[in-house]
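Enquirer: Predicted model follows, preceded by the sequence.
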Amino acid sequence: MFAVIGFVATLALVTGLIHLYLWKRLVKDTTMAGRWRRAGTIAAVGLAVLVPATLIGTNAGLYWLAWPGYLWLALMFYLMVLLAALEIPLLVTRLVLRRRAAGSAPEPVLAGPAAPASVSPAASGSAAPGSVGPDNSTTASGDPVSTSTPPSDQPAGAADAGAAGPDHDPSRRLLLARGAAIFAGLTAASLVGHGVRTAFGPPQLDRVQIPLAKLPRSMDGLRIATVSDIHIGPLRGRVHTEQIVDAINRLDADIVAVVGDLVDGTVAELGEAAAPLRGLRARYGSYFVTGNHEYYSGVEEWVAEVDRLGLRVLQNQRLEIAARGGVLDLAGVNDVSAAGTGVSAPADYAAALADRDPSRPVVLLAHQPVAAIEAAKYGVDLQLSGHTHGGQMVPFNLLVALEQPVVAGLGEVDGTKVYVTNGAGFWGPPVRVGAEPQVTLVELRAQ
């Protein structure tokens, strides 16, 4: 209970701060006080409430919130990134304008006596000492007091206004703010539109060859169709599942590995949408390991349902794949998030990997790449993972790299090769930028 309250409080705080920044840059800086600013403020408050309402409401079955809420979440993210990136150029522009204005400011006209040094009183027409000047004033010594008035075509204070420069001109500040807002808005909208089209498009079919030192020559070229993060849920249903199954079957793989995050919802809600998984074809079987989202969706029911659909669920287990005259160990562990849930056994690497024949290669299915840190201690040759979505929305991949040792593609952790697929679906915003949905055919090669 306290964890949920803490999550909601943190989410509200972060969302509020982001929307305060967007309101400052998109509303306050671009409008004058009045009805337009009031309308923008109301919209900003409403959108700030929409984000946590969507994240909480969709988990409670309020799926109608998904489209507006998640699309705004994506747009909010890119607006924040773009406006933050513009802060330095805008600051430099203001400083340059201020310096140019200061350098071009006219010299002020000084008041006081100013008479040419070689001109005689008579020639200059000045009065004799002690005489009264044109304005009937004299100095203590009798010299006339010379006064200056501003030219008739330059009002008093004009020089000061010029020296202040364009940086202090409200119209110039408004122009810069509106230009930045328009650029950020159009760019963010374009990125999100492209990302929606990519996310709902067919998965990219990739092939990667991975050499394994222990793989028997007879098993050279063994093919594992790898997919993760299908995320059947509020925005992707049965058609999406059929699309993924068709893509996998076209690869004609020896093994199919579904490495977690299959669903975002219960069996009662999504069982029909998951049904096409029954059609997966592979010579030596189809296998599944849990991801973190299964633990939000009723993991025990989904383990039974996936098994009923013909995928063998590897829960901290290992089995032998005898193919082409050789043997390969295929292992799977529960997701690392299972620890502490109380509804399933946590990831148990010893149960899945200990006491095996060390001369045989072992391929581990584990949802999160970070599992390789423990898997490497057991001499795992290759780990197949997902979870990261390849970052899903650039530059979010930079943040993912802070948590996971490999974000996308082939990497290595303490001697264990780790291949991370982008996933075939999406979570949250129906947007993919810089990380296309993916199904990968992993070809194992003997060395």
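Expert: Sure thing, it's come through.

Enquirer: what's the burial count for residue 275?
Expert: Residue 275 is flanked by 15 other residues according to other C-beta atoms under 10 Å. Where you see a C-beta, it was placed from the backbone N, CA and C, and this is true even at glycine.

Enquirer: Hmm, I typed the wrong one, I wanted residue 305.
Expert: By the measure other C-beta under 10 Å, the count of residues near residue 305 is 21.

Enquirer: Can you say which helix or strand has it in it?
Expert: If you go by DSSP states H and E, residue 305 is part of helix 299-308.

Enquirer: Moving C-terminal from that helix, which element do we reach first?
Expert: Assignment by DSSP H and E places the next element after helix 299-308 at strand 312-313.

Enquirer: Identify all contacting residues around the helix holding residue 305.
Expert: With contacts defined as C-beta atoms under 8 Å, 6 or more residues apart in numbering, helix 299-308 is touched by 262-263, 266-267, 271, 274, 277, 288, 290, 294, 313, 315, 338, 341, 343-344.

Enquirer: Let me know the average pLDDT across it.
Expert: The average pLDDT for helix 299-308 rounds to 96.

Enquirer: How about stretch 263-281?
Expert: pLDDT averaged over stretch 263-281 gives 95.

Enquirer: What are the boundaries of the strands in the stretch 151-300 of the chain?
Expert: Secondary structure of the stretch 151-300 of the chain (DSSP state E, counting those that start in this stretch): strands located at 204-212, 222-227, 255-259, 286-289.

Enquirer: CA atoms only for the first one - export them in CSV, please.
Expert: What follows is the C-alpha trace of strand 204-212 in CSV, where atoms were taken according to Å, rounded to 0.1, in the frame of the first residue of the first chain:
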residue,chain,number,x,y,z
GLN,A,204,11.2,-5.6,-38.8
LEU,A,205,12.6,-9.1,-39.5
ASP,A,206,16.3,-9.1,-38.5
ARG,A,207,18.9,-11.9,-38.7
VAL,A,208,22.0,-12.1,-36.6
GLN,A,209,24.7,-14.8,-36.5
ILE,A,210,26.2,-15.6,-33.2
PRO,A,211,29.2,-17.9,-32.9
LEU,A,212,29.3,-20.2,-29.9
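
Enquirer: so what's the residue nearest the centre of the chain scoring on pLDDT?
Expert: Nearest to the mean C-alpha position of the chain, by C-alpha atoms, centre = their mean, lies residue 396 at 3.2 Å. For residue 396, the model assigns a pLDDT of 91.

Enquirer: go on, residue 171?
Expert: With respect to pLDDT, residue 171 scores 79.

Enquirer: May I have stretch 266-286 as CSV, with CA atoms only?
Expert: Taking Å, rounded to 0.1, in the frame of the first residue of the first chain, the C-alpha atoms of stretch 266-286 are listed here in CSV:
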residue,chain,number,x,y,z
THR,A,266,-5.6,-10.5,-17.3
VAL,A,267,-6.5,-13.7,-19.1
ALA,A,268,-10.2,-12.8,-18.8
GLU,A,269,-9.5,-9.5,-20.6
LEU,A,270,-6.9,-10.7,-23.2
GLY,A,271,-7.2,-14.4,-23.5
GLU,A,272,-8.9,-14.2,-26.9
ALA,A,273,-6.3,-11.8,-28.2
ALA,A,274,-3.5,-14.2,-27.2
ALA,A,275,-5.1,-17.2,-28.8
PRO,A,276,-3.3,-17.0,-32.2
LEU,A,277,-0.1,-18.0,-30.3
ARG,A,278,-1.4,-21.5,-30.7
GLY,A,279,-0.3,-21.3,-34.4
LEU,A,280,3.4,-20.9,-33.7
ARG,A,281,5.5,-23.4,-35.6
ALA,A,282,9.0,-24.6,-34.8
ARG,A,283,10.9,-27.9,-35.3
TYR,A,284,12.0,-28.3,-31.6
GLY,A,285,9.3,-26.4,-29.9
SER,A,286,8.2,-22.9,-28.7
